[in-house]
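>>> Return a 3D structure for these sequence lines:
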Amino acid sequence: MSELLAVRSTLRTQESQEDNEAMARGKLRIYLGAAPGVGKTYAMLSEAHRRVERGTDCVVAFVEHYGRRRTEVMLHGLEQVPRRELEYRGGVFTEMDVDAVLARAPRVALVDELAHTNVPGSRNAKRWQDVQELLAAGVDVVSTVNIQHLESLGDVVESITGVRQQETVPDEFVRRADQIELVDMSPQALRRRMAHGNIYQPDKVDAALSNYFRPGNLTALRELALLWVADRVDEYLKQYRSEHRVSAIWGSRERIVVGLTGGPEGRTLIRRAARLAEKGAGGEVLAVYIARSDGLTSASPKELAVQRTLVEDLGGTFHHVVGDDIPAALLDFARGVNATQIVLGSSRRKAWQYVFGPGVGATVARESGSDLDVHIVTHDEVAKGRGLPVARGARLGRARIIWGWLVGVVGPALLALLLNTVHLGLANDMLLFLAVTVAAALLGGLLPALASAAVGSLLLNYFYTPPLHRWTVADPKNIVAIVIFVGVGVSVASVVDLAARRTHQAARLRAESEILSYLAGNVLRGETSLEALLERVRETFGMESAALLERADDRAPWTRAGHVGFGRPVERPEDADVEVPVGDHLALALTGRLLPAEDRRVLAAFAAQAVVVLDPRRLQEEADQARALAEGNRIRTALLAAVSHDLRTPLAGIKAAVSSLRSDDVAWSEEDQAELLEGIEEGADRLDHLVGNLLDMSRLQTGTVTPIIREIDLDEVVPMALGGVPDPAASVELDIPESLPMVAVDAGLLERSVANLVENAVKYSPGGEPVLVSASAMSDRVEVRVVDRGPGVPDEAKERIFAPFQRYGDAPRGAGVGLGLAVARGFAEAMGGTLNAEDTPGGGLTMVLTVRAAGPHLEPQAAQPAQPERHASC
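Next up is the predicted model:
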């Protein structure tokens, strides 16, 4: 008992905390406009003055008047919280100081331009995120936003104005506002306000009027704003009706419900409803199909799909509702969506069928009441009958049908021969013939059972009903018995056949649902293997092969985006046994056998899923291409920067030295001449090093580095890599054991890689600390370690130092263009190795170059050699 009380106390505490949080949260009011200049900020400031006059603690957290005199005047008399100043790219910008507003803790804060992007370094990236913090702290916020800044309308606004809005605010944040007020103004009035200089500076008025502020643009944006607010009002209305349990229909907006049966008359009804909706302001069409709860229906799925497409093309929505009482379900749906009209088709039933009831249309009209108008629309299918589903024997299988006919025709004859020898009486004879009829129905369906009943009744009349061996019946009771026998036989046969068809239909629907569930699961799990999907198609339908074909346009040849299976390859959709078009330029092609029409619905779902799988692959390929282009552009930009500075510096030194030597104004001594020549040689060497790495990086970017893999010893290559290091005996220490296995590398590429690593390590090593180059074997790999005692590199920068044109820390531009490590890693990966950076114990950086050890697995490669020509890191 005490534990139960404790739990209840905890729950009450949690509920109290949640209630307090809901009460403490501030309220958000938004002034929404169609375009700049409609008066959102002015309306917000007017509201602030009204609240201040009522004694409300209201402050201006951030309002920008942009030099508009009337807006600036409205700021007078309102307390303004000082803004926060931020430096960015050499300029000083001001943003809302969220901490200052929270410290001031006003009752109401005015925050202009809700979609604004804050300057980097601000508390939040977006101003609406600042507003979130104020609301969470219990501060009421009044803000402004234009319709073009709503995130979901970005594409629509771009198509109207030709301008893509970079500053957006999530729709959900705006929708959660406690109050949204539309600040509306006609396009003509807004353009006059613009022309008078009340919005932009005079030098910008002409450009604005001829571009963004064109009458068509403003009219379209105004319509967007009005429709968006109308939808918001509709949501409020639905919420109010739900909270107050209002079931009566309020005709605030024309909503027309179209009742569909799955018959061909549905298209006529949808078009008629669309015309009715056009006559009313903001009319909406909702098409609804009501299926029985057993899930079995005689409606055509293909026709329903066509009608769904039609109603969506006309701007309406399609709904699928389950209900056994169709009139009641239709009326419940109409009242649930606050519909004002219902459109139904005239009944397709024949005159005699009305004895079973008045029909759906009459029932709906009688029970709709005064708040729903019911339109009964005539069509071409009136009084033609709904038609019964045709029994398809093929559903039972060919063998069962044959046995059913044998039992239904031959069975009664064999039973008559047997009963001629054993007399059991007319009643027992009828039961036995009835058993044969039931057996025929179980095996072959309705038609064999009807044949069995007919043959059985004739045999009963001829052999067992007095007078015997005549087709006449003497006793009227026997006539009744024979009629009852035929009726019972036909009824049982019909029930058995219906049960068989329903079972088949249910099994098929179950199989289809499993397949569709599998496809939906693939989407949720993010499985994007096209081949796996095609293999599932092939297995599901028992086909030999499955292929997804695509082409760029109507004249381009077909190509296979994916293919599985065996048999002849499919080059065109016309060559396949089954073809399912997917749009204009895609087709799913299957070979092996022809499929019945009823299988194409599921096959179409597979085809749609194939497109869903193919689209991300295409997008990924396009993204990879774009990334490669962007990387290429970055490399080219960096190359231009390198040429403009790093290459020009040694050229300038060489030119100055040569000009000095050729000058006749100064008599240079032999020592001076030697010094100038030494400067020329150093500049040429530096140019040689720079150009060498630039060329190597270019080869790596274009993929033209093709290594020749050979077995060599490390001690033959590593010493040669030290040729570009000044005083290698003092600055580099080698530790290459003779017991190391041979390595499978390209000697030239390995030499260049090690040379760049060593020269980079020597560059950053302190004086008196030699760089250690060691090697060791690990399984089938050999590691070459270049160890320095320099400043080291933090973990987050270890990958960045391998990017082209990267210099770590404050390395001067004269230290090179930042390609040495990028070239070293590129050459290592070209040889099938790796290059990574590690911390040196005690301080410094260790470069670990891993290559393959030579062995029987080595496959020599014949290609153009990539020989080293220079040995310097830049």
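
>>> and the closest residue to Met847 other than its chain neighbours, which of the three is it?
Excluding the flanking residues, the one nearest Met847 by Cβ to Cβ, 6 or more residues apart in numbering is Val786, at 4.4 Å. C-beta: built from backbone N, CA, C; applies to glycine. The three-state assignment at Val786 reads strand, by DSSP: H, G, I helix; E, B strand; the rest coil.

>>> For Val786, give me its contacts.
754, 757-758, 761, 771-773, 846-847, 849 (Cβ atoms under 8 Å, 6 or more residues apart in numbering).

>>> just checking, which of those residues belong to helices?
Taking DSSP state H, the ones among the contacts of Val786 that sit in helices are 754, 757-758, 761.

>>> hmm, back to that, for Pro187, state which of the contacts of Val786 is nearest.
Met847 (66.2 Å; Cβ to Cβ).

>>> any idea how far Ala824 is from the closest one?
Met847 is 8 Å from Ala824, where distance means Cβ to Cβ, to the nearest Å.

>>> Can you list the buried residues in whichever strand or helix holds Ala532?
Following DSSP states H and E, one finds Ala532 within helix 530-541. Using 16 or more other Cβ atoms under 10 Å as the test for burial, helix 530-541 gives 530, 533-534, 536-538, 540-541.

>>> Over to stretch 182-202?
So for stretch 182-202, counting by 16+ other Cβ under 10 Å, buried means 182-185, 187, 190-191, 193-194, 198-200.

>>> Arg191 and Pro215 touch, don't they?
Yes - between Arg191 and Pro215 there is a contact at 7.0 Å, judged by Cβ atoms under 8 Å.

>>> Closest to Arg176 out of the buried residues of helix 530-541?
Distances from Arg176 to the buried residues of helix 530-541, taken by Cβ to Cβ, are shortest for Leu533, at 39.4 Å.

>>> Please name the residues that touch that closest one.
Contacts of Leu533 by Cβ under 8 Å, 6+ apart are 522, 606, 609-610, 613.

>>> Look up how far Glu79 lies from Val771.
Distance, Val771 to Glu79, by Cβ to Cβ: 65 Å.

>>> ok, those two, which is more surrounded?
Val771 (27 against 12; other Cβ atoms under 10 Å).

>>> Counting neighbours, what do you get for the residue lying closest to that one once chain neighbours are set aside?
Nearest non-adjacent residue to Val771, counting by Cβ to Cβ, 6+ apart: Ala761, 4.3 Å away. Counted with other Cβ under 10 Å, the neighbours of Ala761 add up to 27.

>>> element containing the residue nearest to the spatial centre of the chain, please.
Residue closest to the average C-alpha location in the chain (Cα atoms, centre = their mean): Pro616, at 8.3 Å. Taking DSSP H and E as the criterion, Pro616 maps to helix 600-644.

>>> Check His563 too.
Assigned by DSSP H and E, His563 belongs to strand 559-565.

>>> quick check: mean pLDDT across that strand?
When pLDDT is averaged along strand 559-565, the result is 80.

>>> Which SSE is immediately downstream of it?
Per DSSP H and E, the helix or strand that comes after strand 559-565 is strand 578-582.

>>> Can you give the distance from that next one to the centre of its chain?
On the basis of Cα atoms, centre = their mean, to the nearest Å, strand 578-582 sits 24 Å off its chain's mean C-alpha point.

>>> Using PDB, list the CA coordinates for it.
Only the C-alpha atoms of strand 578-582 are listed here, as PDB (Å, rounded to 0.1, in the frame of the first residue of the first chain):
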ATOM      1  CA  VAL A 578       6.600  -8.600 -69.200                       C
ATOM      2  CA  GLU A 579       7.300  -4.900 -69.300                       C
ATOM      3  CA  VAL A 580       6.300  -2.300 -66.700                       C
ATOM      4  CA  PRO A 581       7.000   1.300 -67.700                       C
ATOM      5  CA  VAL A 582       8.100   3.600 -64.900                       C
END
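
>>> For it, name the packing helices and strands.
strand 586-591, helix 600-644 (3 or more Cβ pairs under 8 Å, 6 or more residues apart in numbering; DSSP states H and E).

>>> These: lowest mean pLDDT?
The weakest mean pLDDT among the helices and strands packed on strand 578-582 belongs to helix 600-644, with a mean of 68.

>>> average pLDDT across the following helix or strand past it?
Sequence order places helix 648-662 as the next helix or strand after helix 600-644, per DSSP H and E. Per-residue pLDDT over helix 648-662 has a mean of 78.

>>> sorry, back to before: among the contacts of Leu533, which one sits closest to Arg627?
Closest approach between the contacts of Leu533 and Arg627, by Cβ to Cβ: Val613, at 21.7 Å.

>>> so the closest one touches Leu530, yeah?
Yes - Val613 is within contact range of Leu530, at 4.9 Å (criterion: Cβ under 8 Å).

>>> if we can go back for a sec, tell me how far the residue nearest to the centre of the chain lies from Ala610.
Pro616 is 12 Å from Ala610, where distance means Cβ to Cβ.

>>> on that earlier part again, and the strand holding His563, what does it pack against?
Using 3+ Cβ pairs under 8 Å, 6+ apart, the elements in contact with strand 559-565 are helix 530-541, strand 545-550, helix 600-644.

>>> ok, now with 7 Å
Other elements packing on strand 559-565 under the criterion 3 or more Cβ pairs under 7 Å, 6 or more residues apart in numbering; DSSP states H and E are helix 530-541, strand 545-550.

>>> Out of those, flag the one nearest Asp313.
Smallest distance to Asp313 across these (Cβ to Cβ): 25.5 Å, for strand 545-550.

>>> what are the ranges of the helices in the stretch 651-800 of the chain?
Taking DSSP state H, counting those that start in this stretch as the criterion, the stretch 651-800 of the chain carries its helices at 670-702, 714-717, 728-731, 747-764.

>>> can those go into CSV with extra columns for distance to Ala657 and mean pLDDT?
Putting those into CSV (distance: least, Cβ to Cβ, whole Å; pLDDT from 0 to 100) gives the following:
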stretch, distance to Ala657, mean pLDDT
helix 670-702, 4, 73
helix 714-717, 35, 85
helix 728-731, 27, 75
helix 747-764, 24, 84
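
>>> Please work out which of the ones you listed is packed deepest.
helix 747-764 (a mean of 25; mean count of other Cβ atoms under 10 Å).

>>> now it, how far from the centre of its chain.
Its chain's C-alpha centre and that of helix 747-764 lie 46 Å apart, by Cα atoms, centre = their mean.

>>> Likewise for stretch 129-142?
Counting by Cα atoms, centre = their mean, stretch 129-142 comes out at 32 Å from the chain centroid.

>>> Same question for stretch 323-334.
35 Å.

>>> now swap in stretch 120-134 and tell me
The chain centre lies 28 Å from the centre of stretch 120-134; the measure is Cα atoms, centre = their mean.
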